[in-house]
Structure formats: structure tokens, C-alpha cells
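*Asks:* have a look at this fold, sequence not included:
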């Protein structure tokens with residue numbers, strides 16, 4: 001199963017992404033990403049994060065959580081609580097400082 005996933009990633013990075021950038025501009029890709037993000041409910045986004053974050057190294061994981069928390073006006077504490085199970089206690093303390 002892991003080997004199939006790695007093969008998928010290799011194909012994505014060596015074939016799909018170069019073709020995407022060859023035929024699509026940054027503005028169009030940004031618009032497509034924005035449309036995708038706006039189609040997702042906050043709950044769906046948090047579910048995605050809870051699945052994705054544990055696989056990332058600590059620094060990128062904390063940076064993603066910080067960005068999510070900063071872009072969740074009025075829901076920062078709730079958002080941090082929802083994804084904090086993927087962070088170390090120290091990271092949670094650092095991230096929650098200015099938002100609590």
C-alpha cells in the first residue's frame with residue numbers, strides 16, 4: 001500500500017504538476033484553489049487537517065496550524081482545540097498564547 005502511494009506521489013510530482021504548470025497560469029490555479037477552499041465546510045477542513053498533520057514534521061505542522069488559527073476569526077480557540085491533538089503540548093502553548 002505504501003509503495004503504491006509513493007508511486008502515485010512520484011507520478012504526481014513528475015508528470016501531473018509539470019503539465020499543470022505548463023498549461024495553467026498562477027492566477028487560474030489560485031482561483032481554482034480558492035474555489036475548492038470555499039466549497040469546503042469548516043468541519044471538512046478540520047477533518048482534513050486532523051488526517052494530514054500527523055504525517056508532517058513538527059515545524060511545518062505548527063506553521064500550518066498557526067495559519068489556520070490566524071484565519072479563523074472568532075473561532076481561533078475552537079480551531080486550535082480541534083487540531084491540537086496532532087501537536088506537542090509545547091507547540092499548543094506557543095500557538096495558543098496570543099489567541100486565548
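*Replies:* Arrived safely, thanks for sending. These numbers were taken from a predicted model, which means no experiment stands behind them. Residues are numbered from 1 along each chain as shown.
*Asks:* contacts for whatever helix or strand residue 9 lives in, please.
*Replies:* Element membership for residue 9, per DSSP states H and E: helix 2-11. In this structure, no residues lie in contact with helix 2-11 by C-beta atoms under 8 Å, 6 or more residues apart in numbering. Quick note: C-beta positions are derived from backbone N, CA and C, even for glycine.
*Asks:* quick check: what element follows it along the chain?
*Replies:* helix 17-23.
*Asks:* so how far is the helix holding residue 9 from its chain's centroid?
*Replies:* If you compare the mean C-alpha spot of helix 2-11 with that of the full chain, they lie 20 Å apart, counting by C-alpha atoms, centre = their mean, to the nearest Å.
*Asks:* repeat that for stretch 41-55.
*Replies:* Using C-alpha atoms, centre = their mean, we find the averaged C-alpha position of stretch 41-55 to lie 7 Å away from the chain's own average C-alpha position.
*Asks:* again with stretch 67-84
*Replies:* Relative to the mean C-alpha coordinate of its chain, stretch 67-84 is positioned 13 Å out (C-alpha atoms, centre = their mean).
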